[in-house]
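K.L.:
mind folding the following:
(chains A and B)
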Amino acid sequence: MLRTALRLRVCLPPPRARTFRWSATPHAQPRADTKDNVAVALEKSPVVQAVQRRLQQRSEMQAKVQPDSNTAEDKQTLQRIHEMEPLRAAWEEWENTRNLLAETTRLLQDPDPTMQALAQEERSELLARLAGLAERTFPALLVPPSATAHLAAMLELKAGVGGSESSLFAAEVLRMYVRLAQAMGWHANIVANNETDNGGVKDAVLEIKGERAYDLLRWESGVHRVQRVPATEFNGRVHTSTVAVLVLPLAEDKGSEVDEELFKMEEVKVEVMRSRGAGGQHVNKTESAVRLTHLPTGITVSMQDERSQHQNRRRAFQVLRARLMDRKLIEDVKNRRDVRRNLVSSADRSEKIRTYNFPQDRVTDHRIGLSLMNVEAVMEGEGLRDFLDELAKKHQDDLLEEAFVAS
Amino acid sequence: MRWMMQAVQQPNQQRGNAIEDMVARRVSGEPLQYILGIQPFGPLNLLTRPPVLIPRPETEDWTMRLTKYVTPSLMRPIRLLDLCTGSGCIPLLLCRVWPAGSVKAYGVDIAAEAVQLASENTAICGFSESSDDPPSRSPFVRNTFRPILADIRDPAFLQSSGLHPPFHVVTSNPPYIPRREYELLPPSVKEYEDKRALLGDPDSEGEGGDGLTFYRDIARLIAHQNLLAEDGVLAVEVGKGQARDVERILRDQARLTKTTIWQDPWSVERVVVATR
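P.N.:
All right, here's what the predicted structure looks like:
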């Protein structure tokens, strides 16, 4: 009975506004204790100031550039000016609304009580509109659209500390992501699955394709910890084991092994595993394992799950491309700014990110401090969505915070 | 084992004790490829059936390499002949990788089982020379492969097979195992795969034989029957340690003066490529 109730709570997440949360930023929310200084407070809020700075930059660019110029640099500047047009339009609306508000505020002093009442009503509407602009429209326009939204995700799972219990949990985590993919309408494909004798998984590779698959799943990288009494434990003691998850971006398979932007063929050493003796007609054993080494980075990829050398080679190159793409994205982030983002703790993927506590029937994400009851709902995929949503929102907040600083 | 499980889990497979049967066959030493009935070869999935030789990864590797070494196109199409074609794996992979309409391939094998299996594989891969094509489609719009039953050691081979040389590319993975080594082959090879696809000394009875009989026959066909075009390419797979001897045979007897040796992924000299 209790379980059912708890599951309901998880399946129906508490209603929460899907808007930018001020509390997430270090810039304190302007205190708007009375209605009178709401407008002033909004005006001083970091998001509005960021918009102003951004538009200031825009007019500076406009002053410098020749509108009919053909140089590459000017074209790029014009493109940037053009891209900021929606922000400018939103700002215009903001200013109009603010002017109307000033007029309406004057009418509050009107001797006619009907007029006063009307003004009061109008004022509430205008304030709501300003708040909407500041809390939703501006943040959305300040943060550039995700450049990785189209990428599929490749998940690498590895059983960590905890012996066979760890591999059993790895099997459950693998299943969790397959179920999640179903719930999200994504397409999941187990590319490699190195099973243990007791039904566990030593390591596995899962490919998930679908809209925003990589964007939503990338925060799953890290160490997942399970606390429970293992099926193999007879004394009823609670064990702690871990599974490491690595989420890599996966570009569309264009059919070629090399992606020129990421690596050159000469940089990859291709090896086949084990000796075949005389080989050729002398041997008909299935021997198809392949190992790639990307020499500049030392990244190695081994693949043995497919039956032919050719297939394993294709898969291995796919994984290599994903690893190198991941590296490139991390580099891009580093180059763009100092890494203040706590979510993309790109440097350390050995960080413990989540605990699945079975005795207490609770899952906790340590990065956002979110705990949800009902482990089973999470393991069934549906409950995991709540974590993904919260993490995506946290990321959006972080990006906005960056926009404040960058503007 | 996992691949057997997957095969059983496929829909439209007979269930019942399928997996038990498979395991029993495997335990008795039958090659996995025969039990599953299918073997990936490059991007292809080919049927495998006893006693036709199972496509090997070494062959897969050098055939993929050949697709880049020779590059025909729709504008410069070629004709290809594969001797001792077996399952048809070499010409079928070439037909798949090379652009449509760039190759018209023929294959020859002495075993009726092989020609039958190669025909089925050709149909599956969609490279049959079907006669019910609309007449408007020229025969070179797509790649085709035709397996033919014939004995390449027969002096009247070319006349009886109805083939019209010369060919731009001649490929072959002929039987190359010397009799001495044949006797020592693992049971999964010796007891299941066709002796005619393995034994390179079909005539000798005793201990002797270097396993190179078929390379001499191929050299003779090239020297006397105009099998290979003037600017043609010959690519033959060889057994471990045979590459230098085969190279000599091709130079001396086939008068193919330019030769290269390709290694397989296990660093064994596996292929001799020869041109005039």
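K.L.:
count the residues that sit near the residue of the stretch 51-200 of chain A found nearest chain B.
P.N.:
As assessed by Cβ to the nearest Cβ, chain B sits closest to A:Glu195 within the stretch 51-200 of chain A, at 7.6 Å. C-betas here are computed from N, CA, C, even on glycine. Using other Cβ atoms under 10 Å in any protein chain shown, A:Glu195 has 15 neighbouring residues.
K.L.:
cool, B:Ala235 as well?
P.N.:
B:Ala235 has 24 neighbouring residues, counting by other Cβ under 10 Å.
K.L.:
check contacts around it.
P.N.:
B:Trp62, B:Leu66, B:Tyr69, B:Val169, B:Val170, B:Thr171, B:Ser172, B:Val271, B:Val272, B:Val273, B:Ala274 (Cβ atoms under 8 Å, 6 or more residues apart in numbering or on different chains).
K.L.:
now go through those and say which are in strands.
P.N.:
Counted as lying in strands by DSSP state E, out of these, are B:Val169, B:Val170, B:Thr171, B:Ser172, B:Val271, B:Val272, B:Val273, B:Ala274.
K.L.:
the last one contacts B:Leu250, correct?
P.N.:
Yes. Shown here, B:Ala274 and B:Leu250 form a contact pair, counting by Cβ atoms under 8 Å, at 4.6 Å.
K.L.:
okay, and the common contacts of those two?
P.N.:
Common contacts of B:Ala274 and B:Leu250 (Cβ under 8 Å, 6+ apart): B:Leu234, B:Val236, B:Leu256, B:Thr259.
K.L.:
related to what we said a few turns ago, leaving out chain neighbours, which residue sits closest to the residue of the stretch 51-200 of chain A closest to chain B?
P.N.:
Computed as Cβ to Cβ, 6 or more residues apart in numbering or on different chains, the closest residue to A:Glu195 that is not its neighbour in sequence is A:Val201, at 5.8 Å.
K.L.:
got it, and A:Glu287?
P.N.:
Among residues not flanking A:Glu287 along the chain, A:Arg276 sits closest, at 5.6 Å (Cβ to Cβ, 6+ apart).
K.L.:
three-state assignment of the one you found?
P.N.:
Assigned by DSSP: H, G, I helix; E, B strand; the rest coil, the conformation of A:Arg276 is coil.
K.L.:
tell me, how many residues neighbour it?
P.N.:
Per other Cβ under 10 Å, the neighbour tally for A:Arg276 reads 20.
K.L.:
same check, this time on the one 5 residues further on
P.N.:
One way to gauge burial is a neighbour count; for A:Gln281, by other Cβ under 10 Å, it gives 30.
K.L.:
quick check: it touching B:Leu199?
P.N.:
No. Taking contacts as Cβ under 8 Å, A:Gln281 lies outside contact range of B:Leu199: 9.5 Å.
K.L.:
quick check: neighbours shared by these two?
P.N.:
Contacts common to A:Gln281 and B:Leu199, judged by Cβ under 8 Å, 6+ apart, are B:Pro175, B:Ile177.
K.L.:
where along chain A do the strands fall?
P.N.:
Here chain A has its strands, by DSSP E, at A:152-159, A:187-195, A:201-209, A:222-228, A:239-250, A:268-272, A:290-294, A:299-303, A:352-357, A:362-365, A:370-373.
K.L.:
ok, for B:Asp201, nearest residue in space, not its chain neighbours?
P.N.:
Per Cβ to Cβ, 6+ apart, closest to B:Asp201 is B:Gly209, 3.1 Å.
K.L.:
A:Glu165 too?
P.N.:
Closest residue to A:Glu165 apart from its sequence neighbours, by Cβ to Cβ, 6+ apart: A:Pro230 at 4.0 Å.
K.L.:
quick one: that neighbour and A:Ser167 touch, right?
P.N.:
No. Applying Cβ under 8 Å, one finds A:Pro230 not in contact with A:Ser167, separated by 10.8 Å.
K.L.:
more crowded one of these two?
P.N.:
Between A:Pro230 and A:Ser167, counting by other Cβ under 10 Å, A:Ser167 is the more crowded of the two (24 against 19).
K.L.:
need the contact list for that one.
P.N.:
If you count contacts by Cβ under 8 Å, 6+ apart, then A:Ser167 has A:Ala159, A:Thr196, A:Asn198, A:Gly200, A:Val201, A:Lys202 around it.
K.L.:
let's see that with 10 Å instead.
P.N.:
A:158-160, A:194-203, A:241, A:243 (Cβ atoms under 10 Å, 6 or more residues apart in numbering or on different chains).
K.L.:
mind checking how far it is from A:Ala244?
P.N.:
12 Å (Cβ to Cβ, to the nearest Å).
K.L.:
how about A:Leu262?
P.N.:
A:Leu262 sits 24 Å away from A:Ala244, going by Cβ to Cβ.
K.L.:
of those two, who's got more company?
P.N.:
Counted by other Cβ under 10 Å, A:Leu262 and A:Ala244 do not tie: A:Ala244 has more neighbours, with 20 against 17.
K.L.:
so who does A:Glu83 touch?
P.N.:
By Cβ under 10 Å, 6+ apart, A:Glu83 lies in contact with A:Arg58, A:Leu141, A:Pro144.
K.L.:
most neighbours of all these, which one?
P.N.:
Counting neighbours by other Cβ under 10 Å, A:Leu141 comes out on top of the contacts of A:Glu83 with 20 neighbours.
K.L.:
wait, that one touches A:Ala134, no?
P.N.:
No. Applying Cβ atoms under 10 Å as the test, A:Leu141 and A:Ala134 come out as separate, 11.4 Å apart.
K.L.:
what sits in contact with each of these two?
P.N.:
A:Val51.
K.L.:
quick revisit: got a ChimeraX select line for the buried ones in the contacts of A:Ser167?
P.N.:
Under the burial definition 16 or more other Cβ atoms under 10 Å in any protein chain shown, those of the contacts of A:Ser167 that qualify are selected in ChimeraX by:
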select /A:158,159,160,194,196,200,201,203,241,243
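K.L.:
what do A:Ser167 and A:Ala244 both touch?
P.N.:
Taking Cβ under 10 Å, 6+ apart as the criterion, A:Ser167 and A:Ala244 both touch A:Lys158, A:Ala159, A:Gly160, A:Asp203.
K.L.:
my read: the first one touches A:Gly200, true?
P.N.:
Okay, so that is A:Lys158. No. A:Lys158 is beyond contact range of A:Gly200, at 11.9 Å (criterion: Cβ under 10 Å).
K.L.:
who touches both of these two?
P.N.:
Listed contacts common to A:Lys158 and A:Gly200 are A:Ser166, A:Ser167, A:Ala170, A:Asn194; contacts here mean Cβ under 10 Å, 6+ apart.
K.L.:
show only the entries of those found in helices.
P.N.:
Counted as lying in helices by DSSP state H, out of the shared contacts of A:Lys158 and A:Gly200, are A:Ser166, A:Ser167, A:Ala170.
K.L.:
for chain A, what is the nearest residue in chain B?
P.N.:
Proximity of chain B to chain A (Cβ to the nearest Cβ) peaks at B:Pro40, 3.7 Å away.
K.L.:
show the pLDDT at A:Thr34.
P.N.:
pLDDT for A:Thr34: 50.
K.L.:
go on, the one 3 residues further on?
P.N.:
For A:Asn37, the pLDDT comes out at 66.
K.L.:
wait, A:Ala316 sits on A:Glu257?
P.N.:
Yes. In this structure, A:Ala316 is within contact of A:Glu257 by Cβ under 10 Å, at 9.2 Å.
K.L.:
so if I had to pick from these two, which one is more boxed in?
P.N.:
The residue with more neighbours, out of A:Ala316 and A:Glu257, is A:Ala316; 24 against 17, by other Cβ under 10 Å.
K.L.:
how many residues are close by A:Arg179?
P.N.:
By other Cβ under 10 Å, 17 other residues sit near A:Arg179.
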